[in-house]
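1. This is a predicted model, with the sequence first.
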Amino acid sequence: MSSTCTITNSTVSYNSVHSGGVVEAGGLRAHSSTLTITNSTVNYNSALGEVSTGGGIGARDSKLTIINSTVNHNSAQQSGGGVSIENSVLQKTDGNMFANNTCNGRGAAILGHSGSRINISQNLFTNNKASGSGGAISLEKESRIISNSCTFTDNWAMSEGAACITVLTVVHHHNSSTF
């Protein structure tokens, strides 16, 4: 990893990125780095464009940690309204609320793509809406998830997996989680 960024007791709000091509991350973006977010709020951010992901937070080839934070009211024109990770690790994600995130594709709260690994504990996923699949979480292309004591409530997806959808050899373990 080439750089490290720590965000504590902060708010990242009302940021937007727009392009006719590939757009990643309306609020925060990590590329080949380590990003830690603690006791913070990431809300009302958007990624707009033909291939847009990660309305609130986007990570590629990175390590992302989110602790005791709120990720809400973020949107992506394509997928990963709240958080989008690609070939990354979403590690030690504890005590967060992912709410009211939206996308026109997959994974309104979290999109895990291309071999990403997700470890979440004691998180609340509520009222996230995907026009495609995976209202709360969408995992694909050899991604993996472990969830412990998480609550998934009132999430919505137009096609399948209102709480969680997995595609293409995904490994998942859910311990004491409520759907």
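-> Structure's in. What do you need?

2. mind checking which helix or strand of this protein has the lowest mean pLDDT?
-> strand 171-175 (a mean of 59; mean pLDDT, DSSP states H and E).

3. Now do stretch 34-52: distance from first to last residue.
-> By Cα to Cα, to the nearest Å, the extent of stretch 34-52 from end to end equals 22 Å.

4. pLDDT of it, averaged?
-> Mean per-residue pLDDT for stretch 34-52: 91.

5. residues of that stretch that come out buried?
-> Neighbour counts over stretch 34-52 (16 or more other Cβ atoms under 10 Å) mark 34-37, 40-49, 51-52 as buried. For glycine as for every other residue, the C-beta is placed from the backbone atoms N, C-alpha and C.

6. Report the beta-bridge partner residues of S13.
-> Bridge pairing for S13 (DSSP bridges) gives the partners N43.

7. Next: T36.
-> T36 forms beta bridges with T6, T65, as assigned by DSSP bridges.

8. Touching, F152 and A136? I think so.
-> Yes. The pair F152 / A136 is scored as a contact, 5.3 Å apart, by Cβ atoms under 8 Å.

9. which neighbours do those two share?
-> Contact criterion Cβ atoms under 8 Å, 6 or more residues apart in numbering; residues shared by F152 and A136: 125, 163-164.

10. Let me have these in JSON lines, extended by neighbour count and secondary structure.
-> Shown next, in JSON lines, are these (neighbours: other Cβ atoms under 10 Å; DSSP: H, G, I helix; E, B strand; the rest coil):
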{"residue": "F125", "neighbour count": "30", "secondary structure": "strand"}
{"residue": "A163", "neighbour count": "23", "secondary structure": "coil"}
{"residue": "C164", "neighbour count": "27", "secondary structure": "strand"}
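
11. List just the nearest of those residues to S75.
-> Using Cβ to Cβ, F125 comes nearest to S75 of the shared contacts of F152 and A136, at 15.9 Å.

12. and R117, how many neighbours does it have?
-> The number of residues packed near R117 is 19, by other Cβ atoms under 10 Å.

13. okay, it: pLDDT?
-> Value for R117, per-residue pLDDT: 91.

14. how far away is the residue nearest to G107 when sequence neighbours are not counted from S19?
-> Distance criterion Cβ to Cβ, 6 or more residues apart in numbering; nearest residue to G107, sequence neighbours excluded, is S138 at 3.3 Å. Going from S138 to S19 by Cβ to Cβ, to the nearest Å gives 22 Å.

15. ok, F152 and A136, which is more surrounded?
-> Shown here are F152 and A136; by other Cβ under 10 Å, A136 has more neighbours (33 against 23).

16. ok, so what distance separates that one from G81?
-> 10 Å.

17. same thing with S33?
-> For S33, the distance to G81 - Cβ to Cβ - is 22 Å.

18. In terms of neighbours, single out the busier of these two.
-> Taking neighbours as other Cβ under 10 Å, S33 and G81 compare with G81 leading, 38 against 18.
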